Every structure is written in structure tokens, then in C-alpha cells.
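# From the sequence below, what's the structure:
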Amino acid sequence: MRVAVAPLRAASSAAGGAVAGERRTRTAVRDRGERLALDTLDAVVTRLATGDTVDRLVDRVAAAGLAERLADRILRDGIAEQIAQRAIAGPELERVIADALESRLPEAVVSHLLQSEALWILVDEIARSPSVTEAIAHQGSGFVDQVAGVARDRSRAGDAWVERAAHRVIGRRPKPAAGAGIEAQGRASLPGGKLR
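Residues are numbered from 1 along each chain as shown. Reported below is the predicted structural model:
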């Protein structure tokens, strides 16, 4: 029986070796094919980028109206809204705005606006509107009242300081302020300003 099994074992071993060899060959061919395909693609892309092929391709796309059809499709299918929502929700917008504010862009925009006649026409229209002139008039009188109040307070404080300085020079105690309570008068009449 051992003699009869020996040829089967040899055939099985040969078949297993053939299967393993076939797998190795298939893997080597696949790897070589992938490398060859990538090398070919790299050569094609390099050739396209260096020649006028890109310009010709863009001209053909424009002539066929492909860009307009693509834009229509993007707008119709809501892809533009999805892109806008993603841009607004993502951190990229904050970085773009921060970069824009740190650049010379705000200065350039303000400078351009100040040179624009349209801005001054807008400012003139706003200044002439009844609600703005009323607000300015109201704010103006309130501001004048506020300045007058501050001037009165400073004048009183200055008068009191001058009076105290004069009494120190003369050596007399100042009279109690007009409208001061009994408590202030009592303090002023006693040495050290203490109440009885």
C-alpha cells in the first residue's frame, strides 16, 4: 500500500508547488503591471503639463459648453449649497477671514472706498435723512448739557479748592458749604471735625 500511495503524494506535492508558483507569478505580473501603468500615467501627465495640450483641452471644453453645463448641474442639484454650507460650517472660513484681516486687504478696501464718489453720495444721503438729523440734534443738545454739567462740577470743585487754600494761608476754617447738613456744620465747628 505504501508503494501505491507514494505516486499520489508525489503528484499532490507537485500540484501544490505548481499552485504556489502560479500565485507567485500572478503577484509578480500584477506588481509589474501596476508599476508599468503608473509609469505610463506619470509620463502622460508630465507630457500634458509641459506642452500646449492643456490649453487645447481647455479650448475644447469651452467650445463644447462643458463648463456651463457643469455649472448648471452643480446649481440645479444643490451641490453649490452643500459646498457653501460646508465652507461656512468649517474652520477654514475663520482662517480665511483672519488671514484677510491681517493682510493689506482692509486698508486697500477702506482706501478704495474713501476715493469712491458713490460712498460720499451715500454719506450725504444718510446725513440728510430726517431721522439722522433729528438724532444728531437730540444728541447734540444732550452732549451740550453733559459738557455744561461737567464744567459746573469742575468749577464748584475748583472754587472749593481755592477757598480751602486761602483759608489755610489765612489760618481760618472755611465756612460750611451752602446746603450742607447739620452734621457737616457740627464737624466744621469742632476741632478735628468730630461730632459732639
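# next SSE after the helix or strand where Asp99 lies?
For Asp99, the host element (DSSP states H and E) is helix 92-102. Next in sequence after helix 92-102, counting helices and strands by DSSP H and E, comes helix 105-115.
# Run through who's touching that next one.
Here helix 105-115 makes contact (C-beta atoms under 8 Å, 6 or more residues apart in numbering) with 100, 119. For every residue, glycine as well, the C-beta is placed using N, CA and C.
# mind listing the helices in this protein by residue range?
Using DSSP state H, the helices of the chain run over residues 2-50, 53-63, 66-76, 79-89, 92-102, 105-115, 117-128, 130-170, 182-189.
# tell me the most buried of those helices?
helix 182-189 (a mean of 13; mean count of other C-beta atoms under 10 Å).
# Could I get the average pLDDT for it?
Averaging pLDDT along helix 182-189 gives 47.
# again with stretch 160-172
Rounded mean pLDDT across stretch 160-172 is 77.
# Could you give the separation of that stretch from the chain centroid?
61 Å (C-alpha atoms, centre = their mean, to the nearest Å).
# just stretch 51-67 next, same as before
That offset, for stretch 51-67, works out to 36 Å (C-alpha atoms, centre = their mean).
# For this protein, give me the ranges with low pLDDT.
1-12, 14-15, 140-144, 172-196 (pLDDT under 70).
# separation between Glu94 and Ala108?
21 Å (C-beta to C-beta, to the nearest Å).
# now do Ile74
31 Å.
# Val58 too?
Distance from Val58 to Ala108, by C-beta to C-beta: 31 Å.
# for Glu92, same thing?
23 Å.
# likewise Asp159?
Taking C-beta to C-beta as the measure, Asp159 falls 54 Å from Ala108.
# next one: Ala151
For Ala151 relative to Ala108 (C-beta to C-beta), the value is 43 Å.
# Next: Ala84.
26 Å.
# do the same with Arg154
Distance from Arg154 to Ala108, by C-beta to C-beta: 45 Å.
# Measure how the helix holding Asp99 sits relative to helix 105-115, angle-wise.
Between helix 92-102 and helix 105-115, the angle comes out at 60 degrees (axes from the mean of the first three to the mean of the last three C-alpha atoms, to 10 degrees).
# Please compute how far helix 92-102 lies from its chain's middle.
That offset, for helix 92-102, works out to 4 Å (C-alpha atoms, centre = their mean).
# That'll do, ta.
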